[in-house]
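Colleague: What follows is a predicted protein model with its sequence.
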Amino acid sequence: MDILTAEFFQRALIGGVLIAVTAPLMGLFLVLRRLAMIGDTLAHVSIAGVALGFLINVYPVAVGLVFAIAASFAIEGLRRKYRSFAELSIAIIMSGGIALASILFTLGKGFNLNVNSYLFGSIYTLDYTDLTVIACVTVIVLAVVLLLKKELFLLTFDEDAAAVSGLPVRYFNILISILTALVISASIKIVGALLVSALLTIPAACGLALAKSFRQAVALVVVIGEAAVIAGLWMAGMWNLAPGGTIVLLLIAVLLGSLMTRAARV
Amino acid sequence: MEERQQSAHYVREAGCHREIIALDRVSFAFGTQQVLDDVNFAVQERDFVGLIGANGAGKTTLLRMIVGLTKPQRGEIRLFGTPAARFRDWHLIGYVPQRNHFNPLFPATVREVVTSGLYGRRKLLRRLTKADMDRAADALDTLDIPDLADKRIGELSGGQQQRVFLARALINNPKLLILDEPTVGIDMETQLNFFQLIKHMHQHHDITFLMVSHDLEMIRGYLGERPKATSGKLSFFVRHSHDLEDCAETDLVHTLRKEG
């Protein structure tokens, strides 16, 4: 039980609770726009940034963040070049990110252990700087989503109608990409880069199965995200499991439950 | 609000037969393939224009240019007298997309979809008011689907979904209604009902129609056999409104409802 009262665990818990609001929220918008894979891509590019951070001795989360934002611009740019092949640009940037990360790993052999916690997540490594970053990201994402929720709905539901009604669609797309990059870079220390996209996409998948309205879907993804992250971190602390993996398996269990509920309803 | 009154005023002041859409030597090519070559056409106030062309004739490209999603490579497009690039009164335009355009699993109610017609640049950061919700209810009443308000959009039939999109387009009382292949994938009888509704709106309300379609069977009787103009593989069919004298500003949603 000691671990649950330990300071490092409480830091991880606070960070997790904040991430479980923003990641599923951004994930809902991405999934509904058929851009679910963007989360994975930005996470992989982020890892290249983290590796570079270790190599040049700069705060790795910040370098990861810069990389993720650059990647989100690159995806948006490629998406405009290859219209209606959004997945192509995502695949290209993703492999580019992994390629860069692998090279940076081999350049700095010494930090392999540290990088591991960024790949799979850890409840031990979150420090106060990380927590501050997570808190700032949460405030930014929540403020934008609350202020622009109507516009984001319109854009997500029908991009052409959004453009016809005068919404600056391009800037909104860039905004969504940047917010996603922020959320992912802030999340990878807890959930791990390889698993962060699950926290974006699986709650959204449950929302699609269960929610009757958009408002309900928004509430549902956050509740499911919170439940999985809090329970997952607790289990990871009690039994010394990888937190990211535990959270993702719990999310998949919730998804199976959602699909069964839906099947029973029909 | 002030901005809206100004533009409504501007339309009325100029009287009827105003030019709603003007295509002035518009050209567009994808690479070396010339899709649109020097297209000239004008849509007058209260016209019903059918833009017909086979797949690949450039009708989608032209439509995207008219609503400002694509820029013409040469020539100019004017909306309500303003060059499209500088046009800002988007609330004057209602847009009904192809029905199969959205994901049927999308978690949104009919009410959420219809009120989204009110969200545009003009109302950035503004909250929905009671009046907005009333307008949505009115629009649903007008199209005879008030009992669908809380249903998930994906659960509805094709014809019902099309009415929802029409309600969304009408919620701003547009002067120009653009319909992009509105009846693709809908059965015959529902299509006929839909066209009856559109024709009624054209004859009795101060509204201009631009409908894009790959075939014209359903509206041939209404638009006539001969196109008014052709350009490449595109044909423009036009029907003028019956009562051009009466061009007074009307609140479409309310008057339609009164007429039942």
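Modeller: Yep, that arrived.
Colleague: Show me which residues of the stretch 51-200 of chain B are close to chain A?
Modeller: The stretch 51-200 of chain B comes close to chain A at residues B:67-69, B:88, B:90-91, B:93, B:95, B:97, B:101-103, B:105-109, B:112-113, B:116-117, B:119-125, B:128, B:150, B:152, B:168, B:178, as judged by C-beta under 8 Å from any C-beta of the partner chain. Backbone N, C-alpha and C define where each C-beta goes, glycine included.
Colleague: Identify those among the residues you listed that sit within strands.
Modeller: B:93, B:95, B:178 (DSSP state E).
Colleague: Which residue in those has the weakest pLDDT?
Modeller: Across these, the member with the lowest pLDDT is residue B:95, scoring 88.
Colleague: which residues touch that one?
Modeller: Neighbour list for residue B:95: A:160, A:161, A:164, A:165, B:67, B:169, B:177, B:178, B:180 [criterion: C-beta atoms under 8 Å, 6 or more residues apart in numbering or on different chains].
Colleague: Residue A:28 touches residue A:205, doesn't it?
Modeller: No - in this structure residue A:28 lies outside contact range of residue A:205 using C-beta atoms under 8 Å: 9.8 Å.
Colleague: sorry, back to before: select only the buried ones of the residues of the stretch 51-200 of chain B next to chain A in PyMOL?
Modeller: PyMOL command restricting those to the buried ones, with burial defined by 16 or more other C-beta atoms under 10 Å in any protein chain shown:
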select buried, chain B and resi 67+68+90+91+93+95+97+101+102+103+106+107+108+109+112+113+116+117+119+120+122+123+152+168+178
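Colleague: for chain B, which helix is longest?
Modeller: Scanning chain B for the helix with the most residues, using DSSP state H, yields helix B:188-204.
Colleague: Packing partners of the helix or strand following it?
Modeller: Where DSSP states H and E defines the elements, the next helix or strand beyond helix B:188-204 is strand B:208-213. Using 3 or more C-beta pairs under 8 Å, 6 or more residues apart in numbering or on different chains; DSSP states H and E, the elements in contact with strand B:208-213 are strand B:33-44, strand B:48-52, helix B:59-66, strand B:176-180, helix B:188-204.
Colleague: Between strand B:208-213 and the second one, find me the angle.
Modeller: Between the axis of strand B:48-52 and that of strand B:208-213 there is an angle of 20 degrees, by axes from the mean of the first three to the mean of the last three C-alpha atoms, to 10 degrees.
Colleague: centre of the chain versus strand B:48-52, how much separation?
Modeller: Counting by C-alpha atoms, centre = their mean, to the nearest Å, strand B:48-52 is centred 11 Å from the centre of its parent chain.
Colleague: Can you show me the CA trace of it as PDB?
Modeller: What follows is strand B:48-52 as a C-alpha-only set of coordinates in PDB (Å, rounded to 0.1, in the frame of the first residue of the first chain):
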ATOM      1  CA  PHE B  48     -33.700  27.800 -60.200                       C
ATOM      2  CA  VAL B  49     -30.500  26.700 -61.900                       C
ATOM      3  CA  GLY B  50     -29.700  23.000 -62.600                       C
ATOM      4  CA  LEU B  51     -26.000  22.400 -63.200                       C
ATOM      5  CA  ILE B  52     -25.800  19.100 -65.000                       C
END
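Colleague: Who are the packing partners of that strand?
Modeller: Strand B:48-52 packs on helix B:59-66, strand B:208-213, helix B:220-223, strand B:234-239, going by 3+ C-beta pairs under 8 Å, 6+ apart.
Colleague: Tell me who's in contact with residue A:216.
Modeller: Residue A:216 neighbours (C-beta under 8 Å, 6+ apart): A:207, A:210, B:107.
Colleague: at 10 Å what do you get?
Modeller: A:207, A:210, B:107, B:108, B:109, B:152 (C-beta atoms under 10 Å, 6 or more residues apart in numbering or on different chains).
Colleague: okay, now the nearest residue to the fourth one once chain neighbours are set aside: neighbour count?
Modeller: Distance criterion C-beta to C-beta, 6 or more residues apart in numbering or on different chains; nearest residue to residue B:108, sequence neighbours excluded, is residue A:214 at 4.6 Å. Using other C-beta atoms under 10 Å in any protein chain shown, residue A:214 has 25 neighbouring residues.
Colleague: Next one: residue A:214, what pLDDT does it get?
Modeller: 95.
Colleague: What of residue B:89?
Modeller: Confidence at residue B:89, expressed as pLDDT, is 87.
Colleague: Could you count how many residues lie near the closest residue to residue A:78 other than its chain neighbours?
Modeller: Counting by C-beta to C-beta, 6+ apart, residue A:78 lies nearest to residue A:89, which is 3.2 Å off, once chain neighbours are set aside. By the criterion of other C-beta under 10 Å, residue A:89 has 20 neighbours.
Colleague: wait, what's in contact with residue A:89?
Modeller: Counted by C-beta under 10 Å, 6+ apart, residue A:89 has contacts A:38, A:41, A:74, A:75, A:76, A:77, A:78, A:79, A:80, A:81, A:82.
Colleague: Inside helices: which ones of the residues you listed?
Modeller: If you go by DSSP H, the contacts of residue A:89 have A:38, A:41, A:74, A:75, A:76, A:77, A:78, A:79, A:80, A:81 in helices.
Colleague: Let's see if you can find the most crowded of these.
Modeller: Neighbour counts for the ones in helices among the contacts of residue A:89 (other C-beta under 10 Å) peak at residue A:38, which has 33 neighbours.
Colleague: where's it relative to residue A:76, distance?
Modeller: Distance of residue A:38 to residue A:76, given as C-beta to C-beta, to the nearest Å: 10 Å.
Colleague: Repeat that for residue A:136.
Modeller: The span separating residue A:136 from residue A:76 equals 23 Å under the rule C-beta to C-beta.
Colleague: And residue B:211, by the same measure?
Modeller: 33 Å.
Colleague: again with residue B:201
Modeller: 39 Å.
Colleague: What is the nearest of the contacts of residue A:89 to residue B:83?
Modeller: Ranked by distance to residue B:83 (C-beta to C-beta), the contacts of residue A:89 are led by residue A:80 at 23.4 Å.
Colleague: With adjacent residues omitted, what lies nearest to residue A:123?
Modeller: Nearest residue to residue A:123 in three dimensions, chain neighbours excluded: residue A:12, at 4.0 Å (C-beta to C-beta, 6+ apart).
Colleague: List the contacts of residue A:203.
Modeller: A:20, A:23-25, A:27-28, A:31, A:217, A:220-228, A:251, A:254-255, A:258.
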